[in-house]
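Asks: Coordinates for the following, if possible.
(2 chains)
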Amino acid sequence: MSRCTAVLCALLLAARATYAHEIGTTRVVISFPAPGAYVVEITADASAMLARLEAAAGQRRSGQMSADEYQRHIEALESEFLARAHVAFDGVASRPEFQYVQEPVAASPDAAVTPPGAIVRLRGAVPANARSIAWQYDLTVASYALTIKSATAGPDRTVWLEGGRSSEALTLTEYAHAPSRLEIAATYFVLGFTHILPKGLDHILFVLGIFLFSRRVKPMLWQVSAFTVAHSITLGLTLYGLVSLSPTIVEPLIALSIVYVAVENIVTAELKPWRVALVFAFGLLHGMGFAGVLRELGLPRSEFLTGLVTFNAGVEAGQLTIIAIASLAVFHWTTNRARYRRLIVVPGSLLIALTGLYWTVERLQVW
Amino acid sequence: MKPASRVISTRLTALAAGILAIAAVAPLGAHDFWISPSAFRPKVGGLVGIRLLVGQEMIGDPVPRDPAAIKRFILVNGPGEKPVPGRDDSDPAGIIRADAPGLLVVGYQSLPRPIELMPDKFGQYLGEEGLDEIKVLLAGRGARSGAAREVFSRCAKTLLLSGEPSEKDQDRALGLTFEIVAEQNPYLSAAGRELSFALSYEGKPRAGALVIAINQRDPSTKLSARSDAQGRVAFRFPTGGAWLVKAVHMIPARPGSNADWESFWASLTFDLADAHVATLSR
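Replies: Modelled structure (predicted):
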């Protein structure tokens, strides 16, 4: 028996001795994936979750249904869920974002009679200088385990709770160290950088498309500046909730922007004002994409500006690194303009355009 | 106040000692425990997941199989009795196969589990479950400031039908400490018709127990009645669907049990055909 299993068994035995009600299948895990951000993951039976939400909403009870239908029904009752899952820091309620995921079904002969499981993730921001966190879940009456995953060197902690009862205020410093502003800045700079390099292949291709347009510094500076200013604007505006565009529109358009810059590279090498204007417009779209990433990470409200500025700076650093690497890679060919265009710009842009086209079609189908 | 349904007893009116009237049940503080099969009417040869649920208003949280909590977990199909298999710590707690056509009776009894309830909660729950005798005993013991120490056992049953229903198939006493036995096969009945049940504690009729029936489709439709001197009670179920019939029996705890009170939670679940379905099938 592994140590982990032994510890779990000991906890179960302790819980059996201590707690009144039967232990159900609900499990709750609180973690701190980044400084100032928290995630609460609730794993539970989908039918019980839906039945309680329907009862709370005064709706007629649904019968047994498929995992997809449970997901659709529970997502429609998100506000009822959020009213019954309470996260509080220092006694002040937090308002997390809701995400539903179907629990993976283990391959077993019993799969046909194993009821669908639900995973709900609540993501939010830890307020600056918060000292404690408390949790309460009203959508079960059975006893369940609440585990707090430590983001520090300390051990994880599991406490047993009765459904509908609040945990005690758990001292936050034991699990998530309060980061300094410099640490937050460094964290978000790295997140911004890695979002471009190596994670953001679509952004990499867009920047390469800009790079391949001209060997001269001035056109590149114009384009890079237009792109930077534009994505900074929409990143900020989207995060402040002032603009909003669905990923179903943004993501295919980002792919299409890659096609455009690459095709134009093949057609012309002369910088026209509309090229700068279009790169600016595409920058606005890419900024909304960056905002989606930052929102998933849960930017702390108290360090909003620090996170925003340093994430953006990380994105810029990532882009400049791509240009620097690309410049070094093609330096040998740049001396002969015609050869550079024939061997590098045209085939490279063609590849980028085809990839962008593939993504456009793929994203239109997926979304 | 929640809508209530009229409970009418005809054949057993004279026998019923308790209330056979409009029942209005207060919101429950205590938690019911029942068996919910993945299908009440499985195909012959089909697998059935046997879930154990704890909850209220027939909304239950699954309880995974806990070998340390099981006193009995059995399936009776025909003459024999066999244990219900399952994987430890898994939901559903048991998995059975409907090997042959007929009525399948599944029973579960847990080992006693301790609980401590504050006096106000304990008093509220005695009221909800109609445990008037215990209220009297409690009053006789005088006021106590501490929590009531109780050990409770779950005594749950479910009835499943595989294939066509038959007159020879009947529910039977499985020997659970506190048990509800359906006196007629519910799968030969339908909504609107009367069904009677016998309650027994340690094999003897349990008189005066408050029996509550809850419908899964509409849990606000509750029926309630007290068992008569022979431990019998009858309901005319107004609608079809899954029904939970339940009752609680409590006694002063036996010496050495390290508790004040000992309770037994009996439940029986089954599926009842809608009235028009039954009419069509005749």
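Asks: How about whichever residue of the stretch 51-200 of chain A sits closest to chain B: what's its closest non-neighbour residue?
Replies: Residue of the stretch 51-200 of chain A nearest chain B, by C-beta to the nearest C-beta: A:Val113 (3.2 Å). Any C-beta I mention is one placed from the backbone N, CA and C, and that applies to glycine too. Nearest residue to A:Val113, sequence neighbours excluded (C-beta to C-beta, 6 or more residues apart in numbering or on different chains): B:Gly49, at 3.2 Å.
Asks: Name the helix or strand for that neighbour, please.
Replies: strand B:47-56 (DSSP states H and E).
Asks: Distance from the following helix or strand past that strand to the middle of the chain?
Replies: Remark: after strand B:47-56, the chain's next helix or strand is strand B:59-63, criterion DSSP H and E. Distance of strand B:59-63 from the chain centroid (C-alpha atoms, centre = their mean, to the nearest Å) equals 15 Å.
Asks: what lines up beside strand B:59-63 in the sheet?
Replies: When sheet partners are counted by DSSP bridges, strand B:59-63 sits next to strand B:47-56 (antiparallel).
Asks: now the partner strand: mean pLDDT?
Replies: Averaging pLDDT along strand B:47-56 gives 95.
Asks: got the residue ranges for the helices in chain A?
Replies: Under the criterion DSSP state H, helices of chain A are mapped to A:3-18, A:46-56, A:67-76, A:78-82, A:181-196, A:201-213, A:217-239, A:247-267, A:273-297, A:304-330, A:337-340, A:346-366.
Asks: So for the last one, what gets flagged as buried?
Replies: Okay, so that is helix A:346-366. Buried residues in helix A:346-366, counted by 16 or more other C-beta atoms under 10 Å in any protein chain shown: A:Gly348, A:Ser349, A:Ile352, A:Ala353, A:Thr355, A:Gly356, A:Leu357, A:Trp359, A:Thr360, A:Arg363.
Asks: Give me every residue in the stretch 1-150 of chain B that's in contact range of chain A.
Replies: Within the stretch 1-150 of chain B, the residues that sit near chain A (C-beta under 8 Å from any C-beta of the partner chain) are B:31, B:33, B:38, B:47-49, B:51-57, B:59-64, B:66, B:68-69, B:87, B:90-92, B:95, B:113-117.
Asks: Give the buried subset of those residues as a ChimeraX selection command.
Replies: Applied in ChimeraX, the following selects the buried portion of the residues of the stretch 1-150 of chain B next to chain A according to 16+ other C-beta under 10 Å:
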select /B:31,33,38,47,48,49,51,52,53,54,55,56,57,59,60,61,62,63,64,66,69,90,91,92,95,113,114,115,117
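Asks: returning to what we had before: so which of the helices of chain A is nearest chain B?
Replies: Nearest to chain B, of all the helices of chain A, is helix A:46-56, at 4.3 Å by C-beta to the nearest C-beta.
Asks: Output that closest one as CSV, nothing but the C-alphas.
Replies: Output in CSV follows, covering the C-alpha atoms of helix A:46-56 (Å, rounded to 0.1, in the frame of the first residue of the first chain):
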residue,chain,number,x,y,z
ALA,A,46,-23.9,15.2,-11.7
SER,A,47,-27.5,14.0,-11.1
ALA,A,48,-27.5,15.1,-7.4
MET,A,49,-25.9,18.4,-8.3
LEU,A,50,-28.6,19.1,-11.0
ALA,A,51,-31.5,17.9,-8.8
ARG,A,52,-30.5,20.3,-6.0
LEU,A,53,-30.0,23.2,-8.5
GLU,A,54,-33.4,22.5,-10.1
ALA,A,55,-35.0,22.4,-6.6
ALA,A,56,-33.3,25.7,-5.7
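Asks: ok, A:Leu284 touching A:Ala230?
Replies: Yes: A:Leu284 lies in contact with A:Ala230 (C-beta atoms under 8 Å); the separation is 4.7 Å.
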